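*Asks:* Need coordinates for the following:
(one chain, ligands or ions: 1)
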Amino acid sequence: MTKKVNIGLVGYKFMGKAHSNAYRKMPMFFNTEAIPVLKAICGRTEKAVAEAARKFGWESYETSWEKLVKRKDIDLVDITTPNSTHKDIVLAAAAEGKDILCEKPLAMSLQEAEDMLRAVEEAGVKHMVCFNYRKVPAIALAKKFIDEEKLGRIYHFRAIYLQDWISDPDFPLVWRLRKELAGSGAHGDLNSHIIDLARYLVGEFDRVIGMQETFIKKRPRLKETEDLTTGLTAEAAKEMGEVTVDDTTLFLAKFKNGAVGSFEATRFAPGRRNYQRIEINGSKGSILFELEDMNKLWFYSCDDPDNAQGFRRIQVTEQVHPYINAWWPPGHIIGYEHTFVHVVYDFMRAIDEEKNPSPSFRDGVECQRVMDAVEKSIREGRWVKVKQ
Ligand code: SOE
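*Replies:* Numbering: from 1, shown residues only. Predicted structure coming up:
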């Protein structure tokens, strides 16, 4: 039996577009009883949000999120606006009894994240954080291999997430470079993803120690005509302003199960547009994942015969692989936007099964706990315990 789930989406830029696309595609490929309906999209600038509504296929639009979350015909509020807006929208949506999907990082601080978790739990609504890389089939397969003990005892988790879109010092001060809007820089934007993957694949963190740097401390302000929420492109004005977030944050970690980890996030790696690499080494083998080649998982098994040892390249596009049988025949690859379709699919499946989806706001809180501990370790120049 079909159950319509009316979506109210806040934000219509980079992530707003990715989520809109996901709501449209999901029912075409996956079978769930809960079916998302693109009810209303919301943004401050009427002309732009009206155009987004038309282009992305939303039934209506709003220019105030306060109004959107109060609408009786909205079941699920999806938040894709800058990080500083998440908490207020979550609290208001939870008070209205709406289910909530929120972009990462969940909050600006651990305190905020905990307040948000409390609000959704008290309201009894479903909640999910959009850590979309968990939904890459190769990552889901890596998780399965680890759960099946194919890697044995985990020794190392090694992750790098590199970008280069602000390496030009003349690139202007977009919201992602302002602490009061983003919370942090490469740390919250990129480390949040690899911290989440580490928790998903290896387990909880025990302690961390980090370092960070802001290489370019002043940048041109945004042109006045530019909307502050402009994603990864923007036009510069003449006046300069201060960069108040990190350009890079690196840290070491010890996990509760004894594994050790290294994490590096930067926006200053020329040539690396969106390069994520994860390598995990265990007593029985290793796995390697690279986002630029996301349909593949590299797997090394110590159990292979001596004369056949080596990393095998698993093309994760067979019908037996996670999420894949909904898509194309074997060997026909999928891409970045499909991870958001999988997020929506998992949310709708959770509605079918009357469960909470995963990753939940609790995962958002635990990720924030690690991020905050790393920042504390940097401030205090010492190892910091990640206290659950
Ligand atoms: C920009 O740095 C960004 O879009 C992140 O915000 C996303 O979470 C990441 O997936 C790609 O890069």
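
*Asks:* drop to CA atoms for contacts and neighbour counts, all remaining ones
*Replies:* OK.

*Asks:* Arg158 is in contact with Ala259, correct?
*Replies:* No - using C-alpha atoms under 8 Å, Ala259 is not in contact with Arg158, being 10.5 Å away.

*Asks:* Any stretches of this structure with poor pLDDT?
*Replies:* 224-231 (pLDDT under 70).

*Asks:* Spatially central residue for it, please.
*Replies:* Phe131 (3.2 Å; C-alpha atoms, centre = their mean).

*Asks:* quick one, what contacts that residue?
*Replies:* Applying C-alpha atoms under 8 Å, 6 or more residues apart in numbering, we find Phe131 in contact with Glu103, Lys104, His193, Asp196, Pro359.

*Asks:* a markdown table please, covering those and showing secondary structure and distance to Ser377.
*Replies:* Output for the contacts of Phe131, formatted as a markdown table (DSSP: H, G, I helix; E, B strand; the rest coil; distance: C-alpha to C-alpha, whole Å):
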| residue | secondary structure | distance to Ser377 |
| --- | --- | --- |
| Glu103 | coil | 26 |
| Lys104 | coil | 22 |
| His193 | helix | 19 |
| Asp196 | helix | 19 |
| Pro359 | coil | 26 |
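
*Asks:* I'd like to know which of those residues is nearest to Leu91.
*Replies:* Leu91 lies nearest to Glu103 out of those, by C-alpha to C-alpha, at 14.7 Å.

*Asks:* Excluding covalently adjacent residues, which one is nearest to the closest one?
*Replies:* Take Glu103 and drop its neighbours on the chain: the residue closest to it by C-alpha to C-alpha, 6 or more residues apart in numbering is Cys130, 4.9 Å away.

*Asks:* quick one, what contacts that neighbour?
*Replies:* Contacts for Cys130 (C-alpha under 8 Å, 6+ apart) come out as Leu101, Cys102, Glu103, Lys104, Phe340, Val343, Pro359.

*Asks:* Three-state assignment for Leu38, please.
*Replies:* Three-state call for Leu38 (DSSP: H, G, I helix; E, B strand; the rest coil): strand.

*Asks:* Tell me how many other residues crowd the closest residue to it other than its chain neighbours.
*Replies:* Among residues not flanking Leu38 along the chain, Trp58 sits closest, at 4.9 Å (C-alpha to C-alpha, 6+ apart). A count of nearby residues for Trp58, using other C-alpha atoms under 10 Å, gives 21.

*Asks:* Name the helix or strand for Trp58, please.
*Replies:* Following DSSP states H and E, one finds Trp58 outside all helices and strands.

*Asks:* Just give me the longest helix of the protein.
*Replies:* In the chain, taking DSSP state H as the definition, the longest helix is helix 361-380.

*Asks:* Would you mind listing the buried residues in that helix?
*Replies:* Across helix 361-380, burial judged by 16 or more other C-alpha atoms under 10 Å covers 361-378.

*Asks:* Quick check: next helix or strand after that helix?
*Replies:* Counting by DSSP H and E, the next helix or strand C-terminal to helix 361-380 is strand 384-385.

*Asks:* Within its sheet, name the partner strands of that next one and how each one runs.
*Replies:* Strand 384-385 has its sheet partners listed here by DSSP bridges as strand 205-213 (antiparallel).

*Asks:* Could you name the helices and strands sitting against the next helix or strand after the partner strand?
*Replies:* Next helix or strand after strand 205-213 toward the C-terminus (DSSP H and E): strand 218-222. With contacts taken as 3 or more C-alpha pairs under 8 Å, 6 or more residues apart in numbering; DSSP states H and E, strand 218-222 sits against strand 236-242.

*Asks:* got the contact list for the strand it packs on?
*Replies:* Applying C-alpha under 8 Å, 6+ apart, the external contacts of strand 236-242 come out as Asp170, Phe171, Pro172, Leu173, Lys217, Lys218, Arg219, Pro220, Arg221, Leu222, Lys223, Glu224.

*Asks:* Name every strand pairing with it and say which way it goes.
*Replies:* According to DSSP bridges, strand 236-242 has the following sheet partners: strand 218-222 (antiparallel).

*Asks:* ok, residues contacting the strand it pairs with?
*Replies:* Strand 218-222 has contacts (C-alpha under 8 Å, 6+ apart) with 169-174, 228, 234-243.

*Asks:* With stretch 368-383 instead?
*Replies:* Residues outside stretch 368-383 that contact it (C-alpha under 8 Å, 6+ apart) are 105-107, 109-110, 113, 187-188, 191-192, 195, 205, 207-212, 251, 384-387.

*Asks:* if we go to 7 Å?
*Replies:* If you take C-alpha atoms under 7 Å, 6 or more residues apart in numbering as the criterion, stretch 368-383 is touched by Ser109, Leu110, Arg207, Val208, Ile209, Gly210, Met211, Val384, Val386.
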